[in-house]
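Colleague: from the sequence below, what's the structure:
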Amino acid sequence: VFLAEAGRVLPGTVRVVVVRGEGKSFSAGLDRQAFTPEGFDGEPSFLDLARGSDSGLDAAIAEYQEAFTWWRRNDIVSIAAVQGHAIGAGFQLALACDLRVCAEDAQFAMRETSLGLVPDLAGTTPLLSLVGYARALEICATGRFVHAEEAERTGLANLVVPAADLDLSLIHI
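Modeller: This next block holds a predicted model:
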């Protein structure tokens, strides 16, 4: 919800947006607390969503997707500065951005399928366009980790830099 709100309130004078994680990883993805009956503060649990109506579930998924789709606006350039892990929803957030600049320790993984979920936050379309159908299918179906070097070689990452240079490299793009 916060990510969608950020897109709605972004001033019209902003032309470049950088998204990055705080700490050693870009994003570890979904909070598995969502699978518990309690869920986590401020959000319904997946069990609550599954017990609800189809229209309610569709609305919740659409709201989550909005947080990932606004990054591809034509009036801004969005850059994911990826260090450490970008897993599941975190991977899809990086894919939502126009460019991905990665530290050498970056690792991407579409882990949803290993949890019995569909990667439904709009990340599969950009993944497909970046790496092609066969590789995108293999990345999604296996949930394996794609390391920075492979990400750059296959077009998933635009640039890989030493971790210490990640911030500096964003200035020169």
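
Colleague: so who does I76 touch?
Modeller: Residues counted as contacts of I76 (CB atoms under 8 Å, 6 or more residues apart in numbering) are 10, 14-17. The way it works is simple: take the backbone N, C-alpha and C, and place the C-beta from them, glycine included.

Colleague: just the buried subset of those residues, written out for PyMOL, thanks.
Modeller: Here is the PyMOL command that selects the buried residues among the contacts of I76 (16 or more other CB atoms under 10 Å):
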select buried, resi 17
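
Colleague: centroid-nearest residue for this structure?
Modeller: For the chain, the residue sitting closest to the mean C-alpha position, by CA atoms, centre = their mean, is L93 at 1.8 Å.

Colleague: give me the contact list for the helix or strand where it lies.
Modeller: Element membership for L93 (DSSP states H and E) is helix 89-96. With contacts defined as CB under 8 Å, 6+ apart, helix 89-96 is touched by 3, 19, 21, 25-30, 68-69, 71-72, 78, 80, 82, 86, 100, 108-110, 119, 121-123, 126-127, 130.

Colleague: ok, which stretches of this structure are helices?
Modeller: Applying DSSP state H to the chain gives helices spanning 2-9, 46-51, 54-69, 89-96, 124-131, 133-142, 148-154, 166-171.

Colleague: for T36, which of these is the nearest?
Modeller: Taking CB to CB, helix 46-51 is the member of the helices of the chain nearest to T36, at 7.9 Å.

Colleague: now the closest one: average pLDDT?
Modeller: Summarised as a single mean, pLDDT over helix 46-51 is 77.

Colleague: and stretch 83-91, what's its mean pLDDT?
Modeller: Here the average pLDDT along stretch 83-91 is 93.

Colleague: gap between the two ends of that stretch?
Modeller: Terminal residues of stretch 83-91 are spaced 11 Å apart (CA to CA, to the nearest Å).

Colleague: one more: stretch 128-137?
Modeller: One end of stretch 128-137 sits 8 Å from the other (CA to CA).
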